[in-house]
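**Q** task: produce atomic coordinates for the following.
(one chain, ligands or ions: 1)
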Amino acid sequence: MRTKAENKIIFGDCQNMEELEDNSVHLVVTSPPYFNAPFDYPDLFESYEQFLDLIRNVAKELKRVLDSGRIAAFVVDDTLIKGKKYPVVADITKIFIEEGYKYRERIVWVKPEGYIRISRRSGVLLQHPYPMYYYPDNIQESILIFQNGEFDYKKIPTEIKEESRIDINKYQREKWYLSVWNITNVLPINNRLEKGIAAFPEEIPYRLIKLFSYRGETVLDPFMGSGTTLKVARDLGRRCVGYEIDLELLPIVKEKLKMNQYTLFGKDSFEVKIRDDVKHLRTQLQEKVKSAGKRR
Ligand SMILES: C[S@@+](CC[C@H](N)C(=O)[O-])C[C@H]1O[C@@H](n2cnc3c(N)ncnc32)[C@H](O)[C@@H]1O
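**A** Predicted coordinates:
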């Protein structure tokens with residue numbers, strides 16, 4: 001039987017993670033809100049600078065809670081708003097380097113063609129088959145891997161190492177060894193649990209958790225959304241912690257994590273905390289998305 005509250009969910013702003021002790025987290029897997037993306041977060045931020053301030057504050061707070069040598073993996077992409085591209089990937093990389101992380105890797109996540117949800121811009125050239133009309137459809141995102149100093153490989157007991165062994169056949173067969181990962185994304189269509197949430201597919205946290213954490217360690221998602229990282233972390237025998245600012249996601253997280261239900265390991269212990277700085281975002285955002293759709 002697990003001990004009490006080994007998993008934590010905090011509804012509040014992750015710029016402050018006071019519930020977590022210094023160096024208490026072994027891996028961060030997350031995807032921050034896409035800067036004012038028209039389909040998910042219209043006008044969530046007053047400016048691009050405000051978005052970057054959020055990222056910087058979170059990078060600082062993560063530096064405090066991450067154990068030394070450990071990884072923060074950020075799934076991000078540049079955002080296109082009204083024909084203007086914002087260099088989110090480059091700016092986040094720069095911020096993390098400035099905050100003292102080692103920029104270890106960038107993996108390109110490629111989604112299948114036909115799974116594009118945002119703008120199909122390539123049609124412009126079909127209408128105008130001439131130079132200068134080229135706007136490709138975007139089917140990729142970046143998985144940025146930052147490291148909090150050097151990792152001491154000798155610190156991990158042999159037994160834990162063995163329990164966390166990576167399946168080499170899967171690694172070869174599914175080409176985890178490449179810096180390009182072909183993974184089908186989640187479309188937040190009606191009647192899906194993830195509707196209205198830019199959720200990533202389970203395969204992304206699955207690979208990252210397998211590749212960068214040991215069994216029994218703690219995995220944190222500061223921008224929890226529907227709770228995909230937490231679900232996979234728990235399935236893989238890791239402890240999990242999530243922060244989410246939007247209280248309206250609580251029922252979705254509860255359902256995804258099958259909280260309060262008995263599992264193979266006994267009753268799951270989750271501590272849920274709702275702080276005063278929580279917001280009610282989804283209804284508001286969905287209304288904005290709908291009215292923008294009508295105007296189009
Ligand atoms: C891209 S979504 C994450 C989706 C998640 N990976 C999943 O699979 O469901 C980003 C989430 O961050 C939340 N968020 C935005 N600002 C936040 C903040 N300051 N603190 C905590 N959560 C925040 C949003 O409400 C949103 O649910």
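**Q** only C-alpha atoms from now on, for both contacts and neighbour counts.
**A** Noted.
**Q** the longest strand along the chain pairs with which strands, and in what direction?
**A** For the chain, the strand reaching the highest residue count under DSSP state E is reported as strand 66-76. Here strand 66-76 has these sheet partners by DSSP bridges: strand 25-30 (parallel), strand 140-147 (antiparallel).
**Q** can I get the last one as PDB, trimmed to CA atoms?
**A** The C-alpha coordinates for strand 140-147 follow below in PDB (Å, rounded to 0.1, in the frame of the first residue of the first chain):
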ATOM      1  CA  GLN A 140       6.100  19.900 -35.900                       C
ATOM      2  CA  GLU A 141       6.800  21.000 -32.400                       C
ATOM      3  CA  SER A 142      10.000  21.100 -30.400                       C
ATOM      4  CA  ILE A 143      10.800  19.200 -27.300                       C
ATOM      5  CA  LEU A 144      13.500  21.300 -25.500                       C
ATOM      6  CA  ILE A 145      15.600  19.400 -23.000                       C
ATOM      7  CA  PHE A 146      17.300  21.500 -20.400                       C
ATOM      8  CA  GLN A 147      19.600  20.100 -17.600                       C
END
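**Q** quick one: buried residues of that strand?
**A** Neighbour counts over strand 140-147 (16 or more other CA atoms under 10 Å) mark Gln140, Glu141, Ser142, Ile143, Leu144, Ile145, Phe146, Gln147 as buried.
**Q** if we can go back for a sec, give the next helix or strand downstream of the longest strand of the chain.
**A** Going down the chain from strand 66-76, the next helix or strand is strand 79-81, by DSSP states H and E.
**Q** number of nearby residues for the nearest residue to Glu203 once chain neighbours are set aside?
**A** Excluding the flanking residues, the one nearest Glu203 by CA to CA, 6 or more residues apart in numbering is Ile183, at 7.3 Å. The tally of other residues near Ile183 (other CA atoms under 10 Å) stands at 17.
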